[in-house]
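**Q** model this:
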Amino acid sequence: MRQRPTHLLGTLLPLAAVLLLATACGGADAEGPAAAPSVMPDGPLRLTTVNGLAAVDARSGAVAYEAPGAVASPDGSIVARAVVRPDGTTRVFWLDPADGRRTAVARIEEPAAIRVVAPDGRVALGPPDIPLGGIVRPVARAATALTVAAPDGTVRTYHLDGSIEPEAFSTDGASLFVLGFTPAENPTEYQVNKLDLTTGEIDGVYGQDSPDERQERMGGIARTQVWDPDGDVVYTLYSQEVGGRPTSFIHVLDLDEGWAFCLDLPQAIGWSSPAALAVAPDGGRLWVTDSIGHGAAVDTEALEVLAAGRFRAPGPYGLSAVSDGERLYVGSGDRITVLDGDDLSRVARWRTSRTIYTLRLDPVDERLVAVTDGQLTTFPLGSPERDPAGRDLPFSQPIVVTDPTLVDAECAC
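**A** Numbering: from 1, shown residues only. Got it, this is the predicted structure:
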């Protein structure tokens with residue numbers, strides 16, 4: 001696949017974004033649940049916990065519910081959980097995202113676990129041979145049963161050759177992007193393909209500018225992932241060693257038009273440390289960084305690197321960042337660094353009383369919400385440059401929020 005050139009245009013200060021793992025070009029044998037939205041959806045925050053998913057009121061810290069094994073769609077509008085019963089069948093339950101009550105159920109005749117939840121309510125499930133809510137490492141399988149279930153009870157299972165994992169539904173709902181791991185019984189590489197949900201046939205994924213050039217098999221390490229605000233594009237950071245030299249790139253998967261693209265980064269971002277991505281609310285810009293202090297800013301329309309550089313490393317913490325389109329808010333440890341969205345110069349630095357797991361924007365009340373250990377801490381987006389006093393909102397009941405940026409997955413190659 002042809003790759004666009006990169007450009008070194010400046011110095012990048014601390015930034016990053018939180019979210020779970022998935023596919024790439026040159027990338028990894030790993031994937032995970034879809035990333036949570038950086039801008040708060042209607043209703044409570046949906047937070048990934050050690051047990052599954054929790055819904056928390058961002059204005060009070062009240063925990064509406066915690067659903068074991070639950071997974072949310074990328075926009076947070078759909079929540080579903082799968083339960084394998086003693087008789088070997090699986091029940092898929094759809095939950096009201098506000099209060100957690102069951103709204104629909106479907107039955108699957110074999111054990112299965114949710115991999116992907118689509119905004120239209122459908123879920124894709126695979127064999128229950130991976131850690132729930134964690135990293136999906138490639139599993140040796142001669143054949144894979146993938147199931148798509150809908151809230152109306154419709155269920156269809158696809159019996160596919162090889163080791164296959166769901167990645168994301170296409171925006172038109174006609175296809176499911178999947179990862180095919182090879183060799184199937186000892187995976188060392190992967191290939192991004194597309195499953196036609198009507199015919200059950202698998203076809204390749206092709207380049208943006210080269211519709212006849214199918215994406216090749218690859219290997220590497222998946223680091224982190226973020227979706228664009230419209231849910232049409234998935235960005236995944238990968239790193240790999242080429243000729244003894246560490247390199248990193250961003251894999252772009254367009255779920256609407258069905259193409260994939262690899263954007264080389266000028267530095268090996270995320271090679272040996274936690275890494276993260278953040279996307280602007282209008283989807284026009286993407287930022288990437290790691291805790292070593294490497295970073296880059298990307299124009300998502302031109303698919304070019306606008307700026308790259310080094311900054312003072314935040315330390316061995318998880319990373320999180322969001323942007324309101326003008327500023328970039330970066331969380332690491334107990335600090336939030338506020339950066340100018342254009343030149344990435346530091347505008348301010350705020351402090352929380354506890355370790356930050358993720359950041360969310362509340363555009364209605366114009367607040368930054370830091371999800372920390374045992375509580376939320378909120379800041380007005382217009383806070384002064386000097387350290388303002390954040391408002392602490394303790395959770396109404398104990399939940400343990402997880403930090404997905406502290407883990408990654410490596411291929412066997």
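**Q** same question for stretch 359-370, mean pLDDT?
**A** Per-region confidence: stretch 359-370 scores 86 on mean pLDDT.
**Q** start and end of it, how far apart?
**A** End-to-end distance of stretch 359-370 (Cα to Cα, to the nearest Å): 5 Å.
**Q** so which bits of it are buried?
**A** Under the neighbour-count criterion of 16 or more other Cβ atoms under 10 Å, stretch 359-370 has Leu359, Arg360, Leu361, Asp362, Arg367, Leu368, Val369, Ala370 buried. (C-beta placed from N, C-alpha, C; glycine too.)
**Q** stretch 347-359 now?
**A** By 16+ other Cβ under 10 Å, the buried positions in stretch 347-359 come out as Val347, Ala348, Trp350, Thr352, Thr355, Ile356, Tyr357, Thr358, Leu359.
**Q** and of the buried residues of stretch 359-370, the nearest to Thr157?
**A** The shortest separation between Thr157 and any of the buried residues of stretch 359-370 is 36.0 Å, and it belongs to Arg360 (by Cβ to Cβ).
**Q** so what's that closest one closest to, chain neighbours aside?
**A** When the adjacent residues along the chain are set aside, Arg360 lies closest to Val369, with 4.5 Å between them (Cβ to Cβ, 6 or more residues apart in numbering).
**Q** go on, Tyr65?
**A** Of all residues apart from its sequence neighbours, Gly100 sits closest to Tyr65 (Cβ to Cβ, 6+ apart), at 3.2 Å.
**Q** what about the one you found, which helix or strand?
**A** Remark: Gly100 resides in no helix or strand, with elements defined by DSSP states H and E.
**Q** tell me which residues touch Glu109, please.
**A** Taking Cβ atoms under 8 Å, 6 or more residues apart in numbering, we find Glu109 in contact with Thr89, Thr157.
**Q** quick revisit: and the gap between the residue nearest to Arg360 and Pro398?
**A** Val369 sits 19 Å away from Pro398 when distances are taken as Cβ to Cβ, to the nearest Å.
**Q** show the pLDDT at Pro187.
**A** Per-residue confidence for Pro187 comes out at a pLDDT of 81.
**Q** ok, it to Asp129 distance?
**A** Separation of Pro187 from Asp129 (Cβ to Cβ): 13 Å.
**Q** thinking again about what came up before, who does the residue nearest to Arg360 bridge with?
**A** Here Val369 sits in beta bridges with Arg360, Thr378, as judged by DSSP bridges.
**Q** what about the stretch 51-200 of the chain, any weak spots by pLDDT?
**A** Across the stretch 51-200 of the chain, residues meeting the criterion (pLDDT under 70) sit at 130-137.
**Q** which one's more surrounded, Pro187 and Asp129?
**A** The neighbour comparison of Pro187 against Asp129 (other Cβ atoms under 10 Å) goes to Pro187, with 23 against 13.
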